[in-house]
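**Student:** below are the sequence and a predicted model; questions follow.
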Amino acid sequence: MDDILKDLQACPLDRVWVPGHYGAALTTEKSGITLERTTPTSLVQLSLFPGQEKKALTALKKQGIQAFPESGHADLATKLSIYSLGAGRYWLESAATDLHSSLASAIPAETGSVTDLSSALTALTVSGSDVTTVLAKGIAVDLHTQNFLVGKVAQTNVHHMPVMLVRLETNQFRLFAFSTYAESTLHWLENACRNHGFQRI
């Protein structure tokens, strides 16, 4: 069982990921871009039927969930992050390996559905002072800090590949890409970063 869990949690980018500096050389005035990759330990989609949010929250109190963020926003708590994608659809992310089973047992079938996405998505964290310039090369979202605040979420595309984008900090974003598109998404991202210089860590 431990071997199966390890395989599921392995990042699809592991075989192509070589840490180091790539692209333009850095200077003291230029911080470049930092890239990190992970496969979420537990990522679960919660899809609620219309009018069932109050009932769902009552059922989820034991999991420490008191409220859902408004559509297009995230609650970036340390132990359990919640991404609101709209129309009663949420992604919940946790380091706990039993997140799916605990949510599935708490949510009745008449309230909604619970789907485990843990091995289906790869996350790329992109940081640096030029990060919005890099992302704007292929993401059609206004990332100005006045319009796309910390905790804001957007479902969008990169070269026709679907991604979910969340702003973690002013100069840090996370992109969730389907694992089958992980290498292609990384390839686009690194091409966009090359003129700025980037570090794989």
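**Tutor:** Perfect, I can see it now.
**Student:** so, low pLDDT: which residues of the chain?
**Tutor:** 1-9, 27-31 (pLDDT under 70).
**Student:** in it, what residue spans correspond to helices?
**Tutor:** 2-9, 53-60, 99-106, 131-135, 182-193 (DSSP state H).
**Student:** return the list of helices and strands in contact with the strand ranked longest in the chain.
**Tutor:** The strand of greatest length in the chain, counted in residues with DSSP state E as the criterion, is given as strand 161-169. The contact analysis (3 or more C-beta pairs under 8 Å, 6 or more residues apart in numbering; DSSP states H and E) places strand 161-169 against strand 74-76, strand 80-86, strand 153-158, strand 172-178, helix 182-193. C-beta coordinates here come from the backbone N, C-alpha and C atoms, glycine included.
**Student:** most tightly packed of these?
**Tutor:** Among the helices and strands packed on strand 161-169, strand 172-178 has the highest mean neighbour count (mean count of other C-beta atoms under 10 Å), at a mean of 22.
**Student:** can I get that strand as PDB, trimmed to CA atoms?
**Tutor:** Coordinates of each C-alpha in strand 172-178 appear next as PDB, following Å, rounded to 0.1, in the frame of the first residue of the first chain:
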ATOM      1  CA  GLN A 172       4.100  34.200  -6.300                       C
ATOM      2  CA  PHE A 173       1.600  32.100  -8.300                       C
ATOM      3  CA  ARG A 174       0.600  28.500  -8.400                       C
ATOM      4  CA  LEU A 175      -0.500  26.800 -11.600                       C
ATOM      5  CA  PHE A 176      -2.400  23.500 -11.400                       C
ATOM      6  CA  ALA A 177      -2.100  21.500 -14.600                       C
ATOM      7  CA  PHE A 178      -3.500  18.100 -15.500                       C
END
